[in-house]
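> build the 3D model from these lines:
(2 chains)
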Amino acid sequence: MFELQGLQLRQGDFSRRNTEIVGLAVDTPEQNAQVVRDLGLGYRIVSDPRLVAIDTYGLRHEQVGQPPIAHPASFLIDASGTIRWRDVTDNYRLRPRPDTILAAIDRMSAE
Amino acid sequence: MRRGNGLAWLGLGLGLLGVVTYFAWITVRFAPRLQVLRDTALPSLALVGVGLGCSVIAIRRALRRAPARGRPLLAPVLGALNLGVALLFLLMLFRFSALPVPANAPQVGQMAPDFSLVADDGTPLHLSALRGKNVLLVFYRGHW
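Residues are numbered from 1 along each chain as shown, chains lettered A, B, ... in the order given. Have a look, this model is predicted:
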């Protein structure tokens, strides 16, 4: 979940690039509201307890003895709804760095 | 020749310090700001490496020492312990945390599949309603 805080630290840089951050997890809206409060997030988290969007994106991660969750992944979607950059991790320790994503937005805008 | 055993302890201490520092900076307090450290673990790996070097030197000194001069086993035992800790640490970093990449996730160039889900403020959020600005959509594992 540290990736949410890392993004929050740079939220101004995302806003200046006309980019809205949206988090998505299996948790309930109440749990997500708690996370938004605890971490002081300035962006929304949506709730996907039935893994509807998670399955649409092919990101169901089955766990032994625990309910399935989302495989960590980030998608940069442009103003027309097209995916322009993505990161689907192959190691649960690793998340894309905010600088990497901001650079992807800048490359996209330069095209 | 007490120096030999001192070095053996130092080696194990550095190895443990490497592991402990890694777990310190992946906590929520540091991880968002020190993501490079979390990702690469380089300073921790360097400490573990130097620690193993100390253990090797300590073991060589201990083996050259006459058994009568006491505790020839300590350096090898501490060295083996240090090696075990280092191997577990490396396995954790590079093997146990590996995830298979989902094959069916949408690719760059595709339209982002639409969805409507309830946000933390209780209101529905349609992805397609955000057209006109960029969206960074972040799937994460949850609040645990």
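
> which residues does stretch A:56-68 contact?
For stretch A:56-68, the external contacting residues (C-beta atoms under 8 Å, 6 or more residues apart in numbering or on different chains) are A:26, A:51, A:54, A:69-71, A:73, A:75, A:88, B:99, B:102-106, B:113, B:115, B:139, B:141. To be clear about C-beta, it is placed using only N, CA and C from the backbone, and glycine gets the same treatment.

> what about those residues, which are in strands?
Counting by DSSP state E, these place A:I69, A:A70, A:A73, A:F75, A:V88, B:F139 in strands.

> so in terms of bridging, what pairs with the first one?
Going back to what we said before, that points to A:I69. A:H61 (DSSP bridges).

> now do the third one
When assigned by DSSP bridges, A:A73 has beta-bridge partners A:V88, B:F139.

> return the residues in contact with it.
Shown in contact with A:A73 (C-beta under 8 Å, 6+ apart): A:Y57, A:L59, A:R86, A:D87, A:V88, A:T89, B:P102, B:A105, B:V138, B:F139.

> give me the nearest residue to the spatially most central residue of chain A, chain neighbours excluded.
Among the residues of chain A, A:G23 comes closest to the average C-alpha position under C-alpha atoms, centre = their mean, at 4.4 Å. Spatially, and ignoring its direct neighbours in sequence, A:G23 is nearest to A:I45 (3.8 Å; C-beta to C-beta, 6 or more residues apart in numbering or on different chains).

> between the ones in strands among the contacts of stretch A:56-68, which is nearest B:G13?
A:I69 (37.6 Å; C-beta to C-beta).

> on that earlier part again, of the contacts of stretch A:56-68, keep whichever come out buried.
Using 16 or more other C-beta atoms under 10 Å in any protein chain shown as the burial test, the contacts of stretch A:56-68 include A:26, A:51, A:54, A:69-71, A:73, A:75, A:88, B:105-106, B:113, B:115, B:139, B:141 as buried.

> perfect, that will be all.
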